[in-house]
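Student: Sequence and computational prediction follow.
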Number of protein chains: 2
Amino acid sequence: MSKRKPNSRHRRGSAQPTLSQVAELAGVSPITASRALNDPERVNAATRQRILDAMERIGYVPNLVAGSLASARSRFIAVIVPSLANAVFIEVIQGLQATFEAAGYQILLGNTDYDIEREHQLVRTFLGWSCSALVTAGLRHSPACRELLAGCDRPVMEVMELGEALNLNVGLDHREAGGRMARHLLERGYRDIVYVGARMADDYRAGMRYAGHRATLEAAGLEPRLLELDRLGSLEAGAQGLDRVRERFPRTEAIHFANDDLATGALLHALRLGLRIPGDVAIAGFNGLPLGQHVTPRLTTIHSPRGTMGRLAAEQVLRCLAGDEVEARQQDVGFELRIGEST
Amino acid sequence: MSKRKPNSRHRRGSAQPTLSQVAELAGVSPITASRALNDPERVNAATRQRILDAMERIGYVPNLVAGSLASARSRFIAVIVPSLANAVFIEVIQGLQATFEAAGYQILLGNTDYDIEREHQLVRTFLGWSCSALVTAGLRHSPACRELLAGCDRPVMEVMELGEALNLNVGLDHREAGGRMARHLLERGYRDIVYVGARMADDYRAGMRYAGHRATLEAAGLEPRLLELDRLGSLEAGAQGLDRVRERFPRTEAIHFANDDLATGALLHALRLGLRIPGDVAIAGFNGLPLGQHVTPRLTTIHSPRGTMGRLAAEQVLRCLAGDEVEARQQDVGFELRIGEST
DNA sequence: TACAACGATGATAGCGCTAACATGATAGCG
DNA sequence: CGCTATCATGTTAGCGCTATCATCGTTGTA
């Protein structure tokens, strides 16, 4: 029933207390109240306390959206990963999150589901949020996305792998890692070796490891064999992978799996089947997930420092944001062969 | 060297193309350009195409910060969890994320690290971002945080457990789940049963499961035994838990672990030690993680539908945001006893 | 004592967008 | 043919905050 007053045209807003109200209560101007929060040193201690009290009293919550618009910068860091189902990305995210959060930044998490177009969309959205920096998992982007990232005038960090990066880069050499494991298998005397990947068109870093693996085998005069599964890595997929390898390549002595999930799934499945490991078949993985280190026999794998990768990447970005000179735009976190009893 | 012109006082902004520039190029007013994006039906098709072309041409990226300020609502959903190290939360987040993302919402992820004050801080920050709704893992909050949530005038969803919720609630009854597993162990004939928890002051839902476990044992006239570890659940901790139980309660017939990580860690450790399961000791867990279903013997556990929980919660929140009447503010997703060979 | 240097605070003017209302053209109706 | 309904678009006025420049004492110094 209550008709809106005809004169007062607008009345919007969220009915939340505003900085102006705080300022009025404290008897200062809004800008001083703003400074009390964002640049406390520039405000007289007594005045500041009066302002903080007023905020407390009326339950003021800063409107960060307004602040970001006015200052043209947010305290958001965009983080874009291809999947949340993979423990590897989670650990990198944890490293990023802890470091950024400690510096007062909030993470905007995006999940591409291995869709490169989706990534482009996410980058647009995050730029629309005036994020301070972007972190993406991997170096592969659609051309439009790459252009957007190159021209966005803020730190762009690409993690997980090393290569021709747009700007900042922290990761490891997957090709080399794949080669390293292949060499280990050769050193152990295995000759009939199969590499098992899972959707390597999407998980292209697994493809890079395979490339290293293949090159090593070829250099040794052996014929590389590849089995590719059409679903992402999981324990279940690993079990299936083992079955398929035994069916297709019955003389196989060793299986080099694209990751620990696959490898552990195969290992547990092999135990169920009563196979001896590595007597009947040797199994190797990649990642160094805890899981593989708790089974018997322990999984031979290549450990990558994922938490560290996230932390280093975040520190690098923070340094950039602080305006410090960044010494190394590219950082190799390396990897480590961990030999268990499975090979 | 180039002195700023003395008259033009300000010149800020990000040098990014704006809607006004798009509008000018397309020969319409800014509001029409705005509508072409946010409410396409209300704009003539030809005009709309002209506007979209103009956007494409100058590489316009919507400034979502400005849009949110003007409309007093963002498309953010705050999601607050106590940890990212636990697969359980990850799976809930995945369910939330997929559903919210499909509806055009962006998740703001917060990690409290089991610190209730940190949660309060996160809620403040997220409210400052004008998030459309909040999702928190669990019902426990600091009084100030609870007050903030109660008065924030947007959907608040509490997931994971059921109880006295602020507003919306999707979860399961942990007390009942703990009781259910205890009953199973009793039915199997075990009498000397130990419950192993890990930092239950923090992981208080594990404490609720223990309460159900204890009640069931007491009702059967048995004395409940508890072993608490001072670190969070992990395979490693589970192995340690088994050792401690065997040392402290040598006659133990069955161990009810607070979660699958602990249980699986113990199970694998037991196999390493050459113990028979369940002959020497029976092992049960909670969660229904894939891991436990791939070991031999398979782990007896209680499966909770975590992905579903996330999805249902998100759907409920979306319904609320759409203004639909919400039929049930509280939803029990239940749980399922999955009997493996470990008991 | 005059003047620069500094510290504390304020006035003004937007940031880029959209809600609310307004306008003008066209269509539908008896 | 005058009236209202509907559609397409425009005008106006902020959303709540902060960058920029301005002001006004106070202090230190020659």
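Tutor: Received, thanks.
Student: quick one: terminal-to-terminal distance for stretch A:278-296?
Tutor: 11 Å (Cα to Cα, to the nearest Å).
Student: Which positions within it qualify as buried?
Tutor: Buried residues in stretch A:278-296, counted by 16 or more other Cβ atoms under 10 Å in any protein chain shown: A:278, A:281-289, A:291-296. Where you see a C-beta, it was placed from the backbone N, CA and C, and this is true even at glycine.
Student: neighbours around residue A:44, how many?
Tutor: When neighbours are defined as other Cβ atoms under 10 Å in any protein chain shown, residue A:44 has 11 of them.
Student: That one and residue A:269, how far apart?
Tutor: Residue A:44 sits 70 Å away from residue A:269, going by Cβ to Cβ, to the nearest Å.
Student: for residue A:196, same thing?
Tutor: Computed as Cβ to Cβ, the residue A:196 to residue A:269 distance reads 12 Å.
Student: any common contacting residues for these two?
Tutor: Between them, residue A:196 and residue A:269 share these contacting residues under Cβ atoms under 8 Å, 6 or more residues apart in numbering or on different chains: residue A:238.
Student: How far does stretch A:255-268 sit from its chain's centre?
Tutor: Here stretch A:255-268 is found 22 Å from its chain centre; the criterion is Cα atoms, centre = their mean, to the nearest Å.
Student: what mean pLDDT would you report for that stretch?
Tutor: Along stretch A:255-268, the predicted confidence averages to a pLDDT of 97.
Student: same deal with stretch A:288-304?
Tutor: Predicted confidence along stretch A:288-304 averages 95 (mean pLDDT).
Student: on that earlier part again, neighbour-wise, which of residue A:196 and residue A:269 wins?
Tutor: Applying other Cβ under 10 Å to residue A:196 and residue A:269 shows that residue A:196 carries more neighbours, namely 29 against 20.
Student: isn't the more buried one right up against residue A:229?
Tutor: Yes: at 6.9 Å, residue A:196 counts as touching residue A:229 under the criterion of Cβ atoms under 8 Å.
Student: what is in contact with these two at once?
Tutor: With contacts taken as Cβ under 8 Å, 6+ apart, residue A:196 and residue A:229 have A:241, A:262 as neighbours in common.
Student: and residue A:33, which of the three is it?
Tutor: Of the three states, residue A:33 takes helix under DSSP: H, G, I helix; E, B strand; the rest coil.
Student: thought it was touching residue A:22?
Tutor: Yes: counting by Cβ under 8 Å, residue A:33 sits close enough to residue A:22 to count as a contact (5.0 Å).
Student: quick one: common contacting residues for the two?
Tutor: With Cβ under 8 Å, 6+ apart applied, the overlap between the contact sets of residue A:33 and residue A:22 consists of A:51, A:54, A:55.
Student: who wins for neighbours among these?
Tutor: For the shared contacts of residue A:33 and residue A:22, the largest number of neighbours (other Cβ under 10 Å) sits with residue A:51, at 26 neighbours.
Student: Could you check the pLDDT of it?
Tutor: The per-residue pLDDT reported for residue A:51 equals 95.
Student: in which helix or strand would I find it?
Tutor: Using DSSP states H and E, residue A:51 maps to helix A:45-58.
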